[in-house]
Structure formats: structure tokens, C-alpha cells
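# build me a model:
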Amino acid sequence: MNNNQTIEKLKTMRLGAMAQLHLQHVKDNRLGEMTCDEYLALLTGHQWEDRENKKIDRLLKQASFRQNANLAVINYSPERNLDKNMFVRLSTLDFISRKEGLIICGASGVGKSYLVRALGHQACLSGYKTFYTITARILKKLKLSKVDGTYLKELEKLIKTDLLIFDDFGLQALDNQDRETLMDIIDDRHGQKSTIISSQIPVSAWYEIIGEEGTLADALLDRIVNSSHRIDLKGESLRKEILKKE
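Alright, predicted model coming up:
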């Protein structure tokens, strides 16, 4: 079998990265530089790395982050009330493997969304299927899905996601449909998957936000709060700090 046939068969088997690297070595006349085992390891490693990179790109796209965020640039200044040791432990993502949650509260602009996106980005890099959403937006989408008959399909996607991130929870009170939808999501994910919630509203006021149905509010809060790590951010708005520098 000549090299052209080998390359075409590799492409047919969807081993494009391996085929491309082999072609380059053929063109450069470098096939004799390594043993057979070394060369096979090189081609295999290159194909593996290419697939992993494509998987990460796909996970990041599916996560629907509005902006990028990086754990390496987290601000741990004392006035933020962000315990570095705790957050570094969270960034190892052990809480995802343990099926635990995370709640981050704080005033507008203190960096809640950045923290949850940074953790979500790290989760994608680690191979976890992640989805980020504004709470009111996903509840509205699910409400409409009940009308067009796609509710169960959309719900299943959220339930199966390894890390689900609800940003800006509590900016508006929940109606009956919202409460039932949130319960559907949280109840099926409880103890099975990890959920991160960020909110401008302190947890102590969530009961009123969830609404009139006391039993349902109790059940939701029990599932959300009791199995979650907690961070309460303090300090001035980071947006104000940026404007001052400008």
C-alpha cells in the first residue's frame, strides 16, 4: 500500500489529523527518523489531541457563555470576601464529581457572573458538558416550549447537563409555571448533577421570590441550598472600578 492510499484510508476513517501529520512527514522525507513504535505513538497522540481540542471547542460552544472568563485572573482582594483557598478548591471541580452545587450572591457588579463563567469554562476544558443561562431567559424559553410541545425535550437537555449555571436568579418573582419548571429541573438534578446559581438577592430572601406556594418553596430551597457551597461577595462594583481607571 503506497502512502497516498494510506492517507486516503486514514481520512475515510475520520483520522484527518493523523493523515495530515503523516502526509507532512512523507513530504519532508522524515519517515526514517523514528522507530515504528515511536512513529505510531506520534500519529496516535496527534490524532488524540486534535479530537480533544475539537471536543473542548464543541463544549464551549454548547455552553453558550456570553463572554469569556479565566480562573487565572480572579481578583482575591480582601474587600471582595472571596476566600482564595475555598475558590481554588472549587476550581478543581471536585464539587461536580460529588454532584454538589454552588450559590454565589452579591450586589450588582461585584463579579458573580465572571466567577460562574470562569468555573464553567474550566468545566468545559475538563470535559464536562456545561450550560450557562440567565434564569429569567431559560424560564421564558421553557414556558414557550410547553406551548409548542418541546418542553420535555428541552427539560431533558438541562437535566442531563453535567454543570448547569443559572445566572441572575431572582431578578423577578416566579409565577406558578416558573415554580413548577424550576422544580422539575432541580428535583431531577438533585444528587445527580451539579448546579451553580448566582443572584443579587441574598438566600434569606429567596423564599419570597419563589412565591406563594409554601410547600413547593420549601422543597426547592431544601434541594438548592442544603447541598450547595456558598459564596457571598462584597465590595464595590468592579464596573465602577473599571470606569475610574478609564
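
# skipping adjacent residues, who's closest to residue 157 in space?
Beyond its immediate neighbours in the sequence, the residue positioned closest to residue 157 (Cβ to Cβ, 6 or more residues apart in numbering) is residue 131, lying 7.6 Å away. C-betas here are computed from N, CA, C, even on glycine.

# give me the average confidence score over stretch 69-81.
This predicted structure assigns stretch 69-81 an average pLDDT of 92.

# residue contacts, residue 66?
Residue 66 makes contact with 117, 132 under the criterion Cβ atoms under 8 Å, 6 or more residues apart in numbering.

# give me the pLDDT for it.
The confidence metric pLDDT takes the value 85 at residue 66.

# how about it, secondary structure?
Classification of residue 66 by DSSP: H, G, I helix; E, B strand; the rest coil places it in coil.

# sketch out the low-pLDDT regions of this structure for me.
Counting by pLDDT under 70, the chain contains low-confidence residues at 1-2, 212-214, 239-246.

# which residue ranges make up each domain of it?
Domain assignment for the chain, taken from automatic domain parsing, gives 3-56, 64-245.

# residue 102 sits in which helix or strand?
Taking DSSP states H and E as the criterion, residue 102 maps to strand 101-105.

# returning to what we had before: among the domains of the chain, which is the most enclosed?
Ranked by mean neighbour count, those are led by domain 64-245 with a mean of 16 (mean count of other Cβ atoms under 10 Å).

# how far out from the middle of the chain is it?
Between the centre of domain 64-245 and the centre of its host chain there is 10 Å, according to Cα atoms, centre = their mean, to the nearest Å.

# hey, what's the residue nearest to residue 157 bridged with?
Residues in a beta bridge with residue 131, per DSSP bridges, are residue 164.

# surely it is in contact with residue 158?
Yes. With contact defined as Cβ atoms under 8 Å, residue 131 reaches residue 158; the gap is 6.8 Å.

# now list whatever residues contact both of these two.
residue 164.

# who does the longest helix anywhere in the chain touch, helix- and strand-wise?
The helix spanning the most residues in the chain, taking DSSP state H as the definition, is helix 36-63. Here helix 36-63 is seen to pack against helix 16-27, helix 112-125, strand 130-134 when contacts are counted using 3 or more Cβ pairs under 8 Å, 6 or more residues apart in numbering; DSSP states H and E.

# distance from the first one to the middle of the chain?
I take that to be helix 16-27. The gap between the average C-alpha position of helix 16-27 and the chain average comes to 34 Å, counting by Cα atoms, centre = their mean.

# next, the angle helix 36-63 makes with it.
Our comparison of helix 16-27 with helix 36-63, counting by axes from the mean of the first three to the mean of the last three Cα atoms, to 10 degrees, yields an angle of 140 degrees.

# what's in contact with helix 16-27?
Contacts for helix 16-27 (Cβ under 8 Å, 6+ apart): 3, 6-8, 10-11, 31, 39, 42-44, 46-47, 49-51.

# does residue 105 touch residue 229 like I think?
No. When contacts are counted by Cβ under 8 Å, residue 105 is not listed as touching residue 229 (11.9 Å).

# relative to residue 165, how far out is residue 198?
Look at residue 198 and residue 165: by Cβ to Cβ, to the nearest Å, they are 8 Å apart.

# what residues are shared contacts of these two?
Both residue 198 and residue 165 are contacted by residue 116, under the criterion Cβ under 8 Å, 6+ apart.

# any idea what the residue nearest to residue 202 when sequence neighbours are not counted is bridged to?
With Cβ to Cβ, 6+ apart as the measure, residue 105 is the residue that lies nearest to residue 202, at 5.5 Å, once sequence neighbours are left out. Residues found in beta-bridge contact with residue 105 (criterion: DSSP bridges) are residue 199, residue 232.
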